[in-house]
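Asker: how would this look folded up:
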Amino acid sequence: MAKLPEAYAWLAEEPGPRMLAEALKLYGTAERAGAANNPTIINWAGECGVAGYGADCVPWCGLFLATVAHRAGKTLPDKPLWARDWLNWGTAVQIPELGDVLVFSREGGGHVGLYVGEDTGTYHVLGGNQGDAVTIRRLAKNRLLGARRFYRVGPPANVRRVQLRVSGALSTNEA
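Answerer: Numbers count the residues shown, from 1 in each chain. Prediction:
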């Protein structure tokens, strides 16, 4: 894992949820420029049994989430590469909390990532293909299509809403 920005350093001490812990291990993984592909990202598709992914220039937020869900022992939605298909996964929740899956609208499609916190107008999202890497970005709350949660036994004790200061630029297109 690459070093988390100071504003998010507290995440390294969080004991769960499992998807969040797995996602943090991949923090900083980035695409390669031009026609080159990062083999780590490409190999995620085979690891998860996801067909039809072959270049990291193709949006990979859903692939990232499939990888962390798979590593956390969760089932995947039918079409995990499609961000909006994550709206069919787990259970819908009205108020997102630490580690929940957030699905957003974006021009040309959707975007999916994990809730790590929020401020007045944005969610702070840990996701893949955010600036061509696994990063934490602020996405406007009015772009949220839905939040999902998946626990077989129950959420870990540290699952909660997290209020954060406004910091960093607002992401407007994660493709």
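
Asker: How confident was the prediction at residue 157?
Answerer: Per-residue confidence (pLDDT) for residue 157: 87.

Asker: Where does residue 139 fall, secondary structure wise?
Answerer: strand 135-140 (DSSP states H and E).

Asker: Check which helices and strands that strand sits against.
Answerer: Helices and strands in packing contact with strand 135-140 are listed as strand 109-118, strand 122-127, strand 170-171; criterion 3 or more C-beta pairs under 8 Å, 6 or more residues apart in numbering; DSSP states H and E. To be clear about C-beta, it is placed using only N, CA and C from the backbone, and glycine gets the same treatment.

Asker: Contacts only, for residue 132.
Answerer: Residue 132 is in contact with 30-31, counting by C-beta atoms under 8 Å, 6 or more residues apart in numbering.

Asker: Quick check on it: phi, psi?
Answerer: Dihedral pair for residue 132: phi 60, psi 20, per degrees, to the nearest 10.

Asker: and the gap between it and residue 34?
Answerer: To residue 34, residue 132 is 12 Å away according to C-beta to C-beta, to the nearest Å.

Asker: Same check on residue 87?
Answerer: Distance from residue 87 to residue 34, by C-beta to C-beta: 33 Å.

Asker: Show me which of the two is the more surrounded one.
Answerer: It is residue 87, of residue 87 and residue 34, that has more neighbours when counted by other C-beta atoms under 10 Å, with 18 against 7.

Asker: which SS state does that one fall under?
Answerer: helix (DSSP: H, G, I helix; E, B strand; the rest coil).

Asker: First-to-last residue distance for stretch 138-146?
Answerer: Taking C-alpha to C-alpha, to the nearest Å, the first and last residues of stretch 138-146 lie 16 Å apart.

Asker: The chain should start at 38 in everything you say after this.
Answerer: Sure thing, new numbering starts at 38, so read that last one as stretch 175-183.
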